[in-house]
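**Student:** Okay, predicted coordinates and the sequence, questions at the end:
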Amino acid sequence: MDLNCDMGESYGAYQMGADQEVMPHITSANIACGWHAGDPMVMDQTIQLAVSHQVNIGAHPGYPDLMGFGRRPMHLSPLEIRNYIIYQLGALQAFCAVHHTRVSHVKPHGSLYLKAVESVEIARSIAEGIVRVNPQIAFIALAGEKGRLMAKVGKEFGLRVIYEAFPDRAYTPDGNLAPRSMEGAVKHDPAEIAERALMMAEEGRIVDTKGQAIEIQAETLCLHGDTAQAGSLAKTIRQSLEKAGIRVKPAMEQQG
C-alpha cells in the first residue's frame, strides 16, 4: 500500500501543512504547483525534501484559485483545463529536472478532482494534459464505484491509473467524499483514522456516513498534510499498516 500526502502548499509568508514532520512516513508526495497553493521557492524546497526521504513525487495541480485554496468550482473550457494542467505539470517537472528526479504521477486538487469524478469532459481534459507532457506519468483517480468514470477516461488515454482512498475523510453512500461543509466530513481522531486505513488496506472497504460498508479497492491512501498533528498521524497509520503485515511502498512499484 502506498501512502501519499498533499504537500508544498505553503506560499509567500503563509505556512500550510507539516511537510517536515509528514515526509519521513509517506511514500508519495503530491506537490502543489503554484495555483491553488505553493510557489517556486516552496516547490523547490519540497522536492528536495522528498528526494532526501526517497519519496515519489507527484504533481498536484488545481484551479487558479489561491484565495479559495482551489476548493471553489470554476467554469472553464476543456482547452483551458488541459493547458492549466500542462502549465502546472511543466513547472513541477522543471524543478524535478534540476534535482535529478522526475514526476511519477498527477493527482488533481480540490474542486478540480471532485469535478473530474463527475464530468467526462473535465477528466478528459486532465488526462489529455498529462499525455501531452508525458504519457508515462500515472493518473490518480478516486477508488470505488464513484471513481469509475475518472479511471475509465485515464485508461482510454493509455495512462496508468492509481486508485486512491481517504482514511481521514467521510464517504457518502454513493462512494464520494462527503462535502467539507458536512459535520464529520474530515476525521481528526488518529485511532479512528488508522482503523479506517487498515480497513481500506486489508478489506478493501469503508463504512459510509449511513453506517454501511462500501467497496473501496485502493492502491494508495491519502493523508492531508494540513490536518492537526499530521506528522504523528502519518506515523501512526504507517505503523498500523506495517504491524498488520502490509508493506508500505510507492504505488508505481506495485503491479498495475
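**Tutor:** Sure, I can see it.
**Student:** going forward, measure contacts and count neighbours with C-alpha atoms only.
**Tutor:** Will do.
**Student:** Each with direction, which strands does the helix or strand harbouring Asp6 pair with?
**Tutor:** In this assignment (DSSP states H and E), Asp6 forms part of strand 2-7. With DSSP bridges as the test, strand 2-7 is paired with strand 28-32 (parallel), strand 220-224 (parallel).
**Student:** Show the average pLDDT along that strand.
**Tutor:** For strand 2-7, mean pLDDT rounds to 96.
**Student:** returning to that earlier point: highest mean neighbour count out of the strands paired with strand 2-7?
**Tutor:** Comparing those by mean neighbour count (mean count of other C-alpha atoms under 10 Å), strand 28-32 comes out on top with a mean of 29.
**Student:** quick one: whichever helix or strand comes after the strand holding Asp6 to chain centroid distance?
**Tutor:** Following strand 2-7 in sequence order, the next helix or strand is helix 19-22 (DSSP H and E). Distance, stretch centre to chain centre, for helix 19-22: 16 Å (C-alpha atoms, centre = their mean, to the nearest Å).
**Student:** Which residues does helix 19-22 contact?
**Tutor:** Here helix 19-22 makes contact (C-alpha atoms under 8 Å, 6 or more residues apart in numbering) with Met7, Gly8, Thr46, Leu49, Gly225, Ala230, Gly231, Ser232, Ala234, Lys235.
**Student:** Out of those, which one has the weakest pLDDT?
**Tutor:** Gly225 (76).
**Student:** now that we have the contacts of helix 19-22, which one has the most neighbours?
**Tutor:** Of all those, Met7 has the most neighbours under the rule other C-alpha atoms under 10 Å, reaching 33 neighbours.
**Student:** Looks like that residue contacts Ile31 (just checking).
**Tutor:** Yes - here Met7 reaches Ile31: they are 4.9 Å apart, a contact under C-alpha atoms under 8 Å.
**Student:** Return the residues in contact with Gly204.
**Tutor:** Residues counted as contacts of Gly204 (C-alpha under 8 Å, 6+ apart) are Glu215, Ile216, Gln217, Ala218.
**Student:** Switch those residues over to TSV; also include pLDDT, neighbour count and distance to His188.
**Tutor:** Below are these laid out as TSV (pLDDT from 0 to 100; neighbours: other C-alpha atoms under 10 Å; distance: C-alpha to C-alpha, whole Å):
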residue	pLDDT	neighbour count	distance to His188
Glu215	93	15	22
Ile216	91	25	20
Gln217	91	20	23
Ala218	95	22	21
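**Student:** which ones among the residues you listed are found in strands?
**Tutor:** Glu215 (DSSP state E).
**Student:** So which of the contacts of Gly204 is the closest to Ala165?
**Tutor:** Ala218 (5.8 Å; C-alpha to C-alpha).
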